[in-house]
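>>> this one's structure only:
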């Protein structure tokens, strides 16, 4: 039985660490890079039986399996020692962390009383509606920032294993913070909004909702030069990262800063020929230069009942699977239409294989999904 006086906490935001009473158990005897990678792999797959071949392919890709199995055994032994006695406390933590060897396969079991920063974070992020007073909102924003020191396992080498979780926790953080900022904005607490946003931007600076609130706060505090400089930076980064323009709301704020009148947007109605011309103009202006080949793709995922995905995950999937200059729109819960720039017909099968590969590599659970991709040439709007 574990010692109740030894409170353990696993930190997964930023770099992995295990804390006992707020102090790292590896503080004095640091784990080597390989031992830390092995611990990361086992924690990501905790409660699951891991075949040595799978672990080896992640830790030592492209090497001799038989030789590496012996090396893996050695590293598992060293990790057990680091947990059981060769740690900063010289205390046996094996009752909290048990590495089971079942016929050559490995499984990490973690005691229920061990806390994860991710669990605490999600619990806090889900309590936004509880906080409506100024001091409570400031405390909550500070507490979320304190826990979210960096993206989920940001130092982890197994990008394909952590990408979906990284997106999940970031979306929760952005959603919670945007709600806090909106409440502070309603109170007129613009200086607090600026401070909170500046701290958040050190981790993630491309969230549209948070950037819009930040720009409005700068305008309200008459920091127009700062606002223009920030917009120019975000504009450039969004174009370079995603190949798209900033949102209409951000662009409207920029025009306001520049003193350009922005008319109220109304829904416009066009006849069929006008609409075709508009679409062709948009496509042509996006492609730029000489006329390029482009294709339209329909990507549809069929998920088994056992796989549950949060709303909006398909957008994250597509950002990983498509190139930055491709454009896409979600037309169903698990369906996307994409415009593929500079796509030649002889490469369609390669394109489909690449998209399938990227989807499965980026989101491990989608290995269980059926992925249907259709690609066809588009020379003009018909």
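Thanks, I have the structure now. Since this is a predicted model, take the numbers as computed values, not measurements.

>>> so where's the protein shaky on pLDDT?
Applying pLDDT under 70 to the chain flags the ranges 1-4, 62-66, 260-293, 307-312, 323-325, 361-367, 379-382.

>>> could you rerun that using 50?
Judged by pLDDT under 50, the chain has its weakly predicted residues at 1, 261-262, 264-267, 287-291, 381-382.

>>> that one: helices as residue ranges?
Using DSSP state H, the helices of the chain run over 33-44, 52-59, 65-84, 117-125, 134-147, 159-186, 190-201, 208-220, 224-242, 248-257, 272-287, 313-321, 348-362.

>>> for those helices, give me JSON lines that also has mean neighbour count.
C-beta here means a position set from N, CA and C on the backbone, and glycine is covered the same way. Formatted as JSON lines, those follow (neighbours: other CB atoms under 10 Å):
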{"stretch": "helix 33-44", "mean neighbour count": "19"}
{"stretch": "helix 52-59", "mean neighbour count": "17"}
{"stretch": "helix 65-84", "mean neighbour count": "15"}
{"stretch": "helix 117-125", "mean neighbour count": "17"}
{"stretch": "helix 134-147", "mean neighbour count": "16"}
{"stretch": "helix 159-186", "mean neighbour count": "18"}
{"stretch": "helix 190-201", "mean neighbour count": "18"}
{"stretch": "helix 208-220", "mean neighbour count": "21"}
{"stretch": "helix 224-242", "mean neighbour count": "15"}
{"stretch": "helix 248-257", "mean neighbour count": "16"}
{"stretch": "helix 272-287", "mean neighbour count": "12"}
{"stretch": "helix 313-321", "mean neighbour count": "20"}
{"stretch": "helix 348-362", "mean neighbour count": "16"}
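
>>> run through who's touching stretch 214-232.
By CB atoms under 8 Å, 6 or more residues apart in numbering, the residues outside stretch 214-232 that reach it are 181, 185, 188, 190-191, 193-194, 197, 211, 246, 250, 253-254, 256-258.

>>> tell me who's in contact with the most centrally placed residue in the chain.
With distances taken as CA atoms, centre = their mean, residue 167 lies nearest the centre of the chain, 2.1 Å away. Each residue near residue 167 by CB under 8 Å, 6+ apart is listed here: 313, 316.

>>> one more: residue 127?
Residues in contact with residue 127 (CB under 8 Å, 6+ apart) are residue 140.

>>> quick check on it: phi, psi?
Main-chain dihedrals, residue 127, degrees, to the nearest 10: phi -110, psi 20.

>>> and residue 20, which of the helices of the chain is closest to it?
Shortest distance between residue 20 and these, using CB to CB, is found for helix 65-84: 11.1 Å.

>>> and that closest one, what does it pack against?
Where contact means 3 or more CB pairs under 8 Å, 6 or more residues apart in numbering; DSSP states H and E, helix 65-84 is packed against helix 33-44, helix 52-59, strand 97-102.

>>> quick one: that helix to helix 33-44, angle?
80 degrees (axes from the mean of the first three to the mean of the last three CA atoms, to 10 degrees).

>>> between helix 65-84 and helix 52-59, how many degrees?
Using the same axes, to 10 degrees, the inter-axis angle of helix 65-84 relative to helix 52-59 is 80 degrees.

>>> next one: helix 65-84 to chain centre, how far?
Distance of helix 65-84 from its chain centroid, counting by CA atoms, centre = their mean, to the nearest Å, is 31 Å.

>>> what of stretch 144-161?
From the chain centre to the centre of stretch 144-161 is a distance of 9 Å (CA atoms, centre = their mean).

>>> list the contacts of that stretch.
11-16, 37, 40-41, 44-45, 58, 117-118, 120-121, 124-125, 162, 165-166, 168-170, 173, 176-177, 196, 199-200, 203-204, 361-362, 364.

>>> recalculate using a threshold of 6 Å.
Stretch 144-161 has contacts (CB atoms under 6 Å, 6 or more residues apart in numbering) with 12-15, 37, 40, 44, 58, 117, 121, 162, 165-166, 169, 173, 199, 361.

>>> OK, contacts around residue 166?
Going by CB under 6 Å, 6+ apart, residue 166 touches 151-152.

>>> residues near the residue lying closest to residue 372 once chain neighbours are set aside, how many?
Leaving aside its sequence neighbours, residue 372 sits nearest to residue 300 (CB to CB, 6 or more residues apart in numbering; 4.6 Å). A total of 17 residues lie near residue 300 under the criterion other CB atoms under 10 Å.

>>> okay, residue 300 and residue 320: tell me how far apart.
17 Å (CB to CB, to the nearest Å).

>>> which stretch among the helices and strands packed on helix 65-84 comes nearest residue 137?
helix 33-44 (32.5 Å).

>>> in JSON lines, list the helices of the chain along with distance to residue 23.
Listed next are those as JSON lines, based on distance: least, CB to CB, whole Å:
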{"stretch": "helix 33-44", "distance to residue 23": "18"}
{"stretch": "helix 52-59", "distance to residue 23": "28"}
{"stretch": "helix 65-84", "distance to residue 23": "15"}
{"stretch": "helix 117-125", "distance to residue 23": "15"}
{"stretch": "helix 134-147", "distance to residue 23": "16"}
{"stretch": "helix 159-186", "distance to residue 23": "24"}
{"stretch": "helix 190-201", "distance to residue 23": "25"}
{"stretch": "helix 208-220", "distance to residue 23": "33"}
{"stretch": "helix 224-242", "distance to residue 23": "38"}
{"stretch": "helix 248-257", "distance to residue 23": "43"}
{"stretch": "helix 272-287", "distance to residue 23": "54"}
{"stretch": "helix 313-321", "distance to residue 23": "35"}
{"stretch": "helix 348-362", "distance to residue 23": "35"}
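
>>> which one of those helices lies nearest to residue 105?
Proximity to residue 105 (CB to CB) singles out helix 52-59 among these, at 6.9 Å.

>>> roughly how far is the closest one from the heart of the chain?
24 Å.
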